[in-house]
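Q: sharing a sequence plus its predicted fold:
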Amino acid sequence: MSIYLDEKNPGKHPPFDDASPDIVEYVRYLEVIAGKSANTAFSYYCDLRGFSRFMKRRRGLVPADTEIKDIDPKGLDTAFWGSVRKEDIYEYLYFLNRECGNKKSSTARRLASLHGFYDYLVNQVSKLTENPTASIKPPKQDKVLPKYLTAEQSMDLLESTQYQSDFPERDYCMVVLFLNCGMRLSELVGMDLGDIDLEQRQIRLFGKGHKERMVYLNEACVEALQLYLAKRNTMEGLNPKEKAVFVTRRRKERISNRRVEQLVTGAMKEAGLKGFSTHKLRHTAATLMYQTGNVDILTLKQLLGHSSVGTTQIYTHLQEFQVRAAIEQNPLGTVTPEKARLDTTKRAAGENRGENNADSMDVEEAASPMEAFEGAANDGIRVDISSMTGDKETV
């Protein structure tokens, strides 16, 4: 039985039962009681199956030279989980780093899966009395600044969606929503027609953990949606009962995450943009809003749908933008020295003071103050879309 999720309907999946009974029960608890999404539960499930394989080899339950991927994760009972010690956990983290090449963030997530599993066994169902992960802290994470597009690169991407796409109204609209609303890929793909209220200029999104939030639409988003929906609603062969906002051109069904990634990647390539993923458009929206929209960190947290302000803190590095501008706007920033008085190198060699002026280099004028990205937040990021409003035939 396949244990992988259908990305279009992740909540409708076969039971996760290719693991020990305690793990299966824990994953059911995550989905039903704790209210975690199917994707989150599945991630924890995969992590715990991986730990099961590692522990089977560590305890000699399989030949020492058995590949981890070939080990059956089933067959471990509650007594086995109770026998796991802190040193086993540390050895597993070492294995993830040295043999699997996991990044610190991936290792931390797998440790979080173990924390949750043992907390469940000890505190939720009282099957164990000790938690071997209780005092183990995740590896200290590297502070990596989010990668994002500049305003100019964003405009180039929007231009690209109009000319390289076989469904420009749809692709342009998706990129506009990414860049202006900062929504996740899964949130955009999961949008239904009933979630859009153009009159009130807002969209209802369902984020991680089934968390609902309202995102307000600026003029660019409203215009792009109106243009796309007019085209979508006249598509030949589209089922009138289809509720998905974004659909495929051929099959007339909800577009998949992978297809959106392919379309955005293609548009970026045509725009000459390399090294950017679809998720970077979310970072771009947050960055541009923080830089130019006078948005505080708590407002940005709500807009992005973060459960903790700590997640949103990655954007606080953008304060450097304002700091640089403030320094450059200092009225003393253009004061230049009397070079002949300050350059004492030649004087020390016995040369005349007046000779210093001839050989000294001019001091460059201070750079002009940095200017914030122009364009009111109410207007949004968009380009001229008049080319899509004519009688052009869509292939």
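A: Received it, and whenever you're ready, just let me know what you need.
Q: go through the strand or helix carrying Ile89 and flag the buried ones.
A: Using DSSP states H and E, Ile89 sits in helix 86-98. Residues Asp88, Ile89, Tyr92, Leu93, Phe95, Leu96 are the ones in helix 86-98 that count as buried (16 or more other C-beta atoms under 10 Å). The way it works is simple: take the backbone N, C-alpha and C, and place the C-beta from them, glycine included.
Q: and that helix, what's its mean pLDDT?
A: Averaging pLDDT along helix 86-98 yields 95.
Q: so after it, what's the next helix or strand?
A: Taking DSSP H and E, what comes next after helix 86-98 is helix 104-119.
Q: list the contacts of Lys243.
A: Lys243 makes contacts with Asp192, Leu193, Gly194, as judged by C-beta atoms under 8 Å, 6 or more residues apart in numbering.
Q: buried subset of these?
A: Of the contacts of Lys243, not one counts as buried by 16+ other C-beta under 10 Å.
Q: how about the residues you listed in JSON lines, adding secondary structure, pLDDT and distance to Thr278?
A: Putting the contacts of Lys243 into JSON lines (DSSP: H, G, I helix; E, B strand; the rest coil; pLDDT from 0 to 100; distance: C-beta to C-beta, whole Å) gives the following:
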{"residue": "Asp192", "secondary structure": "strand", "pLDDT": "95", "distance to Thr278": "20"}
{"residue": "Leu193", "secondary structure": "helix", "pLDDT": "96", "distance to Thr278": "22"}
{"residue": "Gly194", "secondary structure": "helix", "pLDDT": "95", "distance to Thr278": "24"}
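Q: I'd like the distance between the residue nearest the centre of the chain and Glu261.
A: Centroid-nearest residue in the chain, with C-alpha atoms, centre = their mean: His279, separated by 4.4 Å. Using C-beta to C-beta, to the nearest Å, His279 is found at 9 Å from Glu261.
Q: give the residues shared as contacts by these two.
A: Leu185.
Q: which among the contacts of Lys243 gets closest to Met55?
A: Asp192 (43.0 Å; C-beta to C-beta).
Q: neighbours around Glu152, how many?
A: 9 (other C-beta atoms under 10 Å).
Q: what comes up buried for the host helix or strand of it?
A: Element membership for Glu152, per DSSP H and E: helix 151-163. By neighbour count, with 16+ other C-beta under 10 Å as the criterion, the buried positions of helix 151-163 are Ala151, Gln153, Ser154, Met155, Asp156, Leu157, Leu158, Glu159, Ser160, Thr161, Gln162.
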